[in-house]
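In: Prediction below, plus the sequence it came from.
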Amino acid sequence: MTEPLLEVRDLQKYYFERDTFVDSLLGRERRSVKAVDGISFDIQPGETLGLVGESGCGKSTTGETLLRLREATGGSVRFDGENVFEMDSDELKAFRKDAQIVFQDPFSSLDPRMTIGDIIAEPLKIHGIPEGAGDQSKREWRRDKAGELLERVGLSANQLDRYPHEFSGGQRQRIGIARALALEPDFIVLDEPVSALDVSVQAQVLNLLDDLQDDFGLTYLFIAHDLSVVRHICDRVAVMYLGNIVELGPTDELFESPKHPYTQALLESVPRPSTAEHGRRVEALSGDVPSPRNPPSGCRFRTRCPKVIPPDDLNIDQATYRAVMDLRDALVVGDVNPDHIWDAADPERVDEEAFIAEARSRHVDAELRGEVAGVVDTALGHLAEGDEERARETLQRRFESPCETRRPAVGDAPHPAACHLFEGSNEVTVIETDAGAAIEADD
Ligand SMILES: Nc1ncnc2c1ncn2[C@@H]1O[C@H](COP(=O)(O)OP(=O)(O)OP(=O)(O)O)[C@@H](O)[C@H]1O
């Protein structure tokens, strides 16, 4: 196997939010947004790696941080064997020639006051290309080069003196691509390059990117939120969820036999070709993506996972366990309001059984029986008494999942999935033990 062009190891990017006045008065710690939290992958020369996931999972941050457009808070990136984060200014300048980015929005990424010719030639000017020759001939050389690039992306060299607003969305994206090609890079981060375009135009731009890759021997990181877009252009796909990579594999394999419950859910939400389901988005997952300010312990997907693993010694079916975990999560994030439950159940606030029945009907989407019903009712009893902490602890003690105490990461198999369901294989490595998950106190 050839050496990877890009090697990303444990890349981490936290954004630190500015302290408010009250925060500094109270000496509170700065809050961080864990946008990218320890991801690793390689990209081989000439390969296209897709990076997909829902909005906010950290895709753009990954692309921008590995290009050093943002400063990483941890990890390393090697490009052609060189550590990008340790490059001095000359090395960084050379890297900035070799590695480019195309942004999603062709409407805001081009300076409206510049002509297309100047936009495409600008990177050449910044890098002092061509060397030697007088100013006049340099300008002419750059203009010729911009014209050639414009032709290469399917526009015409006699459009060089026009302005961005004179072009359609698809044409502007072609201009953005021409600009990225000006310095003859080896690697391009394509950050949702077709998401803002009409479906009919998307295919044309994707075909162009494919052709350019063949002609110039380019390597791509292709960022998208929609799996269907990456299917035809990517060799391998990495799926991201809340700052982590949850699965990484060859494109066809990932589409035909997705391993991670999150990938499976994402694939189910891709519109199907059959008439009945055409255009329908299957809502495969309950709940919203948690905040990267305070991500769940252990596996970050566990708060929405339809396959979250119950404790070994608990006899419970999967749907009921998910329903109980949803109640737990709702209690943790403060989504259960005892006052509202009392108001509906018994405004006098004495009938605890009525409270429990009302709480169950609002917050537990399953029929509960036996031990499970007993523990849930005990917890809801604590809630009725105003002791939310004890309610949470009661549920945690009996229902704690292995998914919440240890964090999985993709292993070194050819198609790894970061899921405890694959423990014992090289698909997954457990990278962290979250302390403090166990509860000491007796109920
Ligand atoms: N400058 C910033 N300061 C603070 N938080 C940020 C900043 N930029 C991004 N974030 C947060 O980091 C997380 C990851 O954002 P990012 O844009 O990388 O995700 P994404 O997957 O590319 O989403 P999208 O497709 O919506 O762009 C989000 O929660 C976002 O709100």
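Out: Sure, I can see it.

In: Please list all residues in contact with the closest residue to Thr394 other than its chain neighbours.
Out: Distances taken as Cβ to Cβ, 6 or more residues apart in numbering put Ala379 closest to Thr394, at 4.0 Å, once the chain neighbours are dropped. Where C-beta positions appear, they are placed from N, C-alpha and C, glycine not excepted. Shown in contact with Ala379 (Cβ atoms under 8 Å, 6 or more residues apart in numbering): 390-392, 394-395.

In: The ligand: which of these is nearest?
Out: Using Cβ to the nearest ligand atom, Arg392 comes nearest to the ligand of the contacts of Ala379, at 25.5 Å.

In: still on that earlier bit, state the distance from the residue nearest to Thr394 to the ligand.
Out: Distance, Ala379 to the ligand, by Cβ to the nearest ligand atom, to the nearest Å: 31 Å.

In: mind checking pLDDT for that residue?
Out: pLDDT, Ala379: 97.

In: Now name the helix or strand holding it.
Out: In this assignment (DSSP states H and E), Ala379 forms part of helix 370-384.

In: same thing with Asn426?
Out: Counting by DSSP H and E, Asn426 is part of no helix or strand.

In: for the helix or strand following the helix holding Ala379, what is the average pLDDT?
Out: Once helix 370-384 ends, the next helix or strand along the chain (criterion: DSSP H and E) is helix 388-399. Taken as a whole, helix 388-399 has an average pLDDT of 96.

In: what angle sits between helix 388-399 and helix 370-384?
Out: 170 degrees (axes from the mean of the first three to the mean of the last three Cα atoms, to 10 degrees).

In: one step back: got a markdown table for the contacts of Ala379, with distance to Leu66 and neighbour count too?
Out: Listed next are the contacts of Ala379 as a markdown table, based on distance: Cβ to Cβ, whole Å; neighbours: other Cβ atoms under 10 Å:
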| residue | distance to Leu66 | neighbour count |
| --- | --- | --- |
| Arg390 | 46 | 17 |
| Ala391 | 44 | 25 |
| Arg392 | 39 | 19 |
| Thr394 | 44 | 23 |
| Leu395 | 40 | 23 |
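
In: Now distance to the ligand too, for these, in CSV please.
Out: Putting the contacts of Ala379 into CSV (distance: Cβ to the nearest ligand atom, whole Å) gives the following:
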residue, distance to the ligand
Arg390, 32
Ala391, 29
Arg392, 26
Thr394, 32
Leu395, 28
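
In: Quick check, pLDDT for the residue lying closest to Arg174 once chain neighbours are set aside.
Out: The shortest distance from Arg174 to any non-neighbouring residue, by Cβ to Cβ, 6+ apart, is to Val153 (4.1 Å). On pLDDT, Val153 comes in at 97.

In: What is the burial count for Val153?
Out: By other Cβ atoms under 10 Å, 22 other residues sit near Val153.

In: do the one 5 residues further on as well
Out: Using other Cβ under 10 Å as the criterion, Asn158 is surrounded by 10 other residues.

In: do you know how far it is from the ligand?
Out: Asn158 is 36 Å from the ligand, where distance means Cβ to the nearest ligand atom.

In: Work out the gap between stretch 399-410 and the centre of the chain.
Out: Chain-centre distance of stretch 399-410: 20 Å, with Cα atoms, centre = their mean, to the nearest Å.
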